[in-house]
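Trainee: Sequence unavailable; structure follows:
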Ligand code: 4AD
Ligand code: MG
């Protein structure tokens with residue numbers, strides 16, 4: 001029995017082959033008197049291969065009745081194609097029908113809207129665009145590990161179920177086995193002692209606190225996994241479940257953090273250009289005409305470094321009318337971020353040293369006692385793609401911050417311990433993987449770069 005050859009390998013063939021076996025899904029079938037032509041795709045690459053089916057083939061009639069979406073197995077001969085735009089085609093010697101696709105197959109050969117395709121998320125990866133997205137997603141996942149492994153960062157598997165709120169924003173999903181119809185109470189409140197873990201448990205919003213403990217043991221580390229936020233925001237850049245990459249560097253400060261962030265984003269863009277050229281070309285042609293220029297611009301230039309205070313100043317003096325006027329102390333809105341990256345600098349901007357009151361408790365307090373050593377990397381069209389900081393390594397200052405935020409110090413005992421025993425400066429960040437995919441593909445809705453998006457009131461599939 002011959003082994004199946006994937007279309008991606010077949011197309012790289014140096015010479016004709018007398019016998020090949022391939023399997024895939026029909027994209028189109030054109031029937032003529034003596035021959036039929038099938039465009040076959042097997043998901044290994046964007047390109048289809050053309051199959052020529054001679055009318056003398058066994059059960060020809062049945063084959064010509066096949067439609068878009070059907071799965072077949074083709075035995076045949078690889079020959080040079082006389083048609084233009086393709087080097088090879090396959091002359092079928094036999095075809096087995098693996099699975100037909102009746103007329104109501106929802107992915108007919110025409111342009112469908114992204115909104116419609118979201119309603120058939122189980123079938124959309126069979127379209128050119130979504131096939132391309134998910135191949136790039138896979139390649140980039142690998143590139144992320146490659147980047148860190150080449151630099152001797154250790155990959156740490158931080159837990160998904162957690163007992164602490166890393167970001168302190170309280171936007172967490174509960175994990176419980178309590179009977180929701182009969183919740184045990186103690187003095188009016190839920191009695192979590194009776195719950196599975198004997199305390200309140202949630203899905204993690206970030207692996208940072210856990211990964212920090214490993215940073216202060218193994219040196220440079222990273223975590224890459226799913227994160228969950230019960231934030232009720234329905235934007236094109238937020239999801240309830242997304243993937244985040246969080247590196248943490250030992251003996252490092254905010255400058256090192258910004259440098260790593262820039263190097264990381266540029267590396268991943270370069271990797272996509274080098275390794276995903278065919279798929280990327282689809283986005284440059286059909287999704288965002290400026291995609292290549294945008295990516296090259298990001299590759300070729302250092303990111304702008306701008307303090308929050310200078311950013312506010314610049315925005316106030318810009319003469320631009322904003323829906324939300326900016327004042328020192330308030331968070332940058334998406335319109336402000338877009339003004340900086342798209343209108344003013346026309347490239348990525350790293351805003352650093354934010355007011356302490358709009359940032360998380362673990363960020364290192366600056367000498368002015370008003371700002372913390374935080375940094376966000378903002379990119380055109382998307383806004384924040386990376387959020388990070390130098391961490392507060394001073395025990396007393398950290399303890400103060402936890403108190404000031406009204407957190408229960410007991411919940412953070414182990415985190416504080418790392419500052420008690422051999423504390424050291426360290427810094428890290430989180431990169432939202434889907435936002436990175438939006439950047440490299442030009443796709444404008446985050447729901448279209450993850451296999452099965454989870455957003456408020458949406459949990460199909
Ligand atoms: O800025 P965030 O909240 O930072 C943290 O979670 C830190 N603990 C990271 C660290 O320092 N180790 O999130 C980091 C990134 C954001 O910049 C954004 O790209 C992405 O995660 N992100 C989201 N992506 C999709 N949907 C959401 N709801 C997201 N929230 C954050
Ligand atoms: Mg952030």
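Mentor: Nice, I can see it. If you're wondering where the values come from, they're calculated on a predicted model, not measured in any experiment. Ligands and ions are numbered 1, 2, ... in the order given.

Trainee: Only C-alpha atoms from now on, for both contacts and neighbour counts.
Mentor: Noted.

Trainee: beta partners of residue 72?
Mentor: residue 24, residue 97 (DSSP bridges).

Trainee: how close does it sit to residue 279?
Mentor: Applying C-alpha to C-alpha, to the nearest Å, the value for residue 72 to residue 279 is 24 Å.

Trainee: Equivalent analysis for residue 326, please.
Mentor: Taken as C-alpha to C-alpha, the span from residue 326 to residue 279 is 40 Å.

Trainee: More neighbours: which of those two?
Mentor: Neighbour comparison, residue 326 and residue 279: the larger count goes to residue 279, with 24 against 17 (by other C-alpha atoms under 10 Å).

Trainee: sec struct for the more buried one, please.
Mentor: State at residue 279, reduced to three classes by DSSP: H, G, I helix; E, B strand; the rest coil: helix.

Trainee: Could you report the neighbour count for the residue lying closest to it once chain neighbours are set aside?
Mentor: Sequence neighbours aside, residue 132 is the residue nearest to residue 279 in space, at 5.1 Å (criterion: C-alpha to C-alpha, 6 or more residues apart in numbering). With neighbours defined by other C-alpha under 10 Å, the count for residue 132 comes to 25.

Trainee: now residue 132: how far from residue 241?
Mentor: On the measure of C-alpha to C-alpha, residue 132 and residue 241 end up 22 Å apart.

Trainee: so where's the stretch 1-150 of the chain shaky on pLDDT?
Mentor: Scanning the stretch 1-150 of the chain with the threshold set as pLDDT under 70 gives 1-2.

Trainee: Please enumerate the helices of it.
Mentor: Assigned by DSSP state H, counting those that start in this stretch, the stretch 1-150 of the chain shows helices spanning 7-10, 60-64, 114-119, 128-150.

Trainee: what does the last one rub up against?
Mentor: Contacts to helix 128-150, defined as C-alpha atoms under 8 Å, 6 or more residues apart in numbering, come from residues 43, 45-46, 124-125, 154, 222, 264, 267-268, 271-272, 275-276, 279-280, 282-283, 437, 441, 448-451.

Trainee: other SSEs contacting the helix or strand harbouring residue 248?
Mentor: Using DSSP states H and E, the element containing residue 248 is strand 241-250. Judged by 3 or more C-alpha pairs under 8 Å, 6 or more residues apart in numbering; DSSP states H and E, strand 241-250 is in contact with helix 208-218, strand 221-228, strand 426-432, helix 433-441.

Trainee: Can you tell me the SS state at the residue in the stretch 151-300 of the chain positioned nearest to ligand 1?
Mentor: Taking C-alpha to the nearest ligand atom, ligand 1 has its nearest neighbour within the stretch 151-300 of the chain at residue 238, 3.5 Å off. Each residue gets one of three states, and residue 238 gets coil by three-state DSSP.

Trainee: ok so, going back, centre of the chain to the strand holding residue 248, how far?
Mentor: 12 Å (C-alpha atoms, centre = their mean, to the nearest Å).

Trainee: So what's the model's average confidence on that strand?
Mentor: Average pLDDT, strand 241-250: 98.

Trainee: what does stretch 176-187 give?
Mentor: For stretch 176-187, the per-residue pLDDT averages 96.

Trainee: Name the residues that touch that stretch?
Mentor: Residues outside stretch 176-187 that contact it (C-alpha under 8 Å, 6+ apart): 190, 191, 194, 195, 196, 200, 201.

Trainee: Now do the end-to-end distance for it.
Mentor: 19 Å.

Trainee: For it, what is the distance to the chain centroid?
Mentor: On C-alpha atoms, centre = their mean, the centre of stretch 176-187 falls 36 Å from the chain's centre.
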